[in-house]
Every structure is written in structure tokens, then in C-alpha cells.
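> Structure for this input, please:
(one chain, ligands or ions: 1)
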Amino acid sequence: MSRENTLLQRATAQLRTFLQANQLRCTKERLAILEAIYQTDKPFTIDGLMQMMQQKRFHVSMATLYAAADLFARANLLLRHPATGASALYQRIPDSGCSCYLICNSCEKVSQLEKKDALELIESIPTKRFTPYHRITYIYGLCMRCKAKQKRQLDKQKKH
Ligand SMILES: [Zn+2]
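The predicted structure follows:
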């Protein structure tokens with residue numbers, strides 16, 4: 001079985017438990033949306049999720065997608081990245097207990113920092129009387145592309 005399938009199976013079981021505990025129904029829509037979300041480990045918008053659903057030829061409304069995203073976030077299955085622009089970015093919960101994201105303030109691109117020793121450091125921070133699910137760290141700044149663009153603009157201004 002592929003890694004993606006194992007993750008989806010685990011997520012489905014987690015969703016069923018959550019729904020049951022909260023006396024909510026396990027609908028076909030919710031399962032299909034979860035399946036779409038677990039196809040990618042990249043950040044996506046609700047518009048992007050709508051496209052994924054359309055590719056699967058599964059008809060849902062935007063309202064259903066927003067409601068499902070909220071529900072999955074509460075169930076600890078989906079991350080809602082802090083909004084930097086007009087549309088919120090979501091991402092499935094990483095399978096490691098700790099992750100660090102770099103957010104560009106200019107183009108709003110979200111990328112993941114893959115630095116084992118830094119992640120281990122975050123993982124080792126004690127949380128007294130608090131059980132962490134996931135440790136998520138955000139670093140805001142400028143991506144390489146935006147920084148180069150900014151430099152070009154500054155150089156242009158200097159010439160005038
Ligand atoms: Zn950028």
C-alpha cells in the first residue's frame with residue numbers, strides 16, 4: 001500500500017471517531033472531500049479544493065467545502081495557515097509531529113522548511129500541562145523571487 005493510502009486510511013479513521021464523538025454524520029461528501037485533501041501535501045485554497053473535487057467528478061457546493069474545511073481543522077486533520085492574503089490556505093496535517101513553514105509576505109507563497117535539527121529543537125520544547133497535537137512554526141519574510149524583484153526595483157530607482 002502506498003504511503004498516501006496509509007495516511008488517508010488513518011485520517012478516515014480519525015474523522016469517523018471525531019464525527020461519532022461529536023454526534024455528526026459521516027456523509028459521502030465528507031469522506032470524498034477528505035480523500036481529495038489527502039491526495040496532496042501541498043497547500044491549497046478552497047477554490048483549488050473545488051477543482052480537485054471537479055476532477056473527481058464529485059459535485060459539492062463552495063459552502064460545503066468551507067464547512068468541511070472548518071470541521072477537518074477541528075478534527076486535527078487539516079491545517080489552516082494564518083491568512084496573509086484574500087484566500088486562506090489549507091494543508092493536510094503533516095505526518096510528522098512538527099513542521100515549520102516559510103510564508104512570503106509579498107506573494108503569499110507557503111513553503112516548508114526541511115531542517116531536521118531545527119524541527120527536533122521545536123519538538124523538544126516542554127509544554128507543561130498541555131498535550132500538543134502538532135507543533136507548527138511560521139517564519140514570515142520574503143521569498144527569493146520576491147527579494148530579487150525588490151532588489152531590481154531598488155536598483156532601478158537608484159539610476160533615476
Ligand atoms: Zn514571494
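> Tell me which helix or strand in this protein has the weakest average pLDDT.
When each helix and strand of the chain is scored by mean pLDDT, DSSP states H and E, strand 110-112 comes last, with a mean of 88.
> Kindly provide the distance from Leu77 to the ion.
Between Leu77 and the ion the distance is 28 Å, computed by C-beta to the ion, to the nearest Å. For glycine as for every other residue, the C-beta is placed from the backbone atoms N, C-alpha and C.
> same check, this time on Ala63
Here Ala63 is placed at a distance of 31 Å from the ion (C-beta to the ion).
> Can you classify that residue by secondary structure?
Counting by DSSP: H, G, I helix; E, B strand; the rest coil, the backbone at Ala63 sits in helix.
> Next one, pLDDT for it please.
With respect to pLDDT, Ala63 scores 96.
> tally of neighbours for it?
8 (other C-beta atoms under 10 Å).
> I'd like to know which elements the helix or strand following the least confident helix or strand of the chain is packed against.
Counting by DSSP states H and E, the element after strand 110-112 in chain order, helix or strand, is helix 116-123. If you count contacts as 3 or more C-beta pairs under 8 Å, 6 or more residues apart in numbering; DSSP states H and E, helix 116-123 packs onto strand 98-104, strand 135-141.
> Shouldn't Asp155 be within a helix?
Yes. According to three-state DSSP, Asp155 belongs to a helix.
> For it, give its distance to the ion.
18 Å.
> Could you do Leu65 as well?
In terms of C-beta to the ion, Leu65 sits 26 Å off from the ion.
> one step back: mean neighbour count, the helices and strands packed on helix 116-123: which tops it?
Counting by mean count of other C-beta atoms under 10 Å, strand 98-104 has the highest mean neighbour count of the helices and strands packed on helix 116-123, with a mean of 18.
> can the least confident helix or strand of the chain be found next to the ion?
No. Judged by C-beta under 5 Å from the ion, strand 110-112 and the ion are separated, with a smallest distance of 9.6 Å.
> Would you indicate which residues of that strand are buried?
Val110 (16 or more other C-beta atoms under 10 Å).
> Output stretch 31-48 in CSV with nothing but the alpha carbons.
In CSV, the C-alpha atoms belonging to stretch 31-48 read as follows (Å, rounded to 0.1, in the frame of the first residue of the first chain):
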residue,chain,number,x,y,z
LEU,A,31,-15.3,11.3,3.0
ALA,A,32,-14.8,12.4,-0.6
ILE,A,33,-13.5,15.8,0.5
LEU,A,34,-11.1,14.2,2.9
GLU,A,35,-9.9,11.9,0.2
ALA,A,36,-9.2,14.9,-2.1
ILE,A,37,-7.4,16.7,0.6
TYR,A,38,-5.1,13.7,1.3
GLN,A,39,-4.1,13.5,-2.3
THR,A,40,-1.6,16.3,-1.9
ASP,A,41,0.8,17.5,0.8
LYS,A,42,0.9,21.0,-0.8
PRO,A,43,-1.1,24.0,0.5
PHE,A,44,-4.3,24.7,-1.4
THR,A,45,-7.2,27.2,-1.4
ILE,A,46,-10.9,26.3,-1.2
ASP,A,47,-11.0,27.2,-4.9
GLY,A,48,-8.2,24.7,-5.5
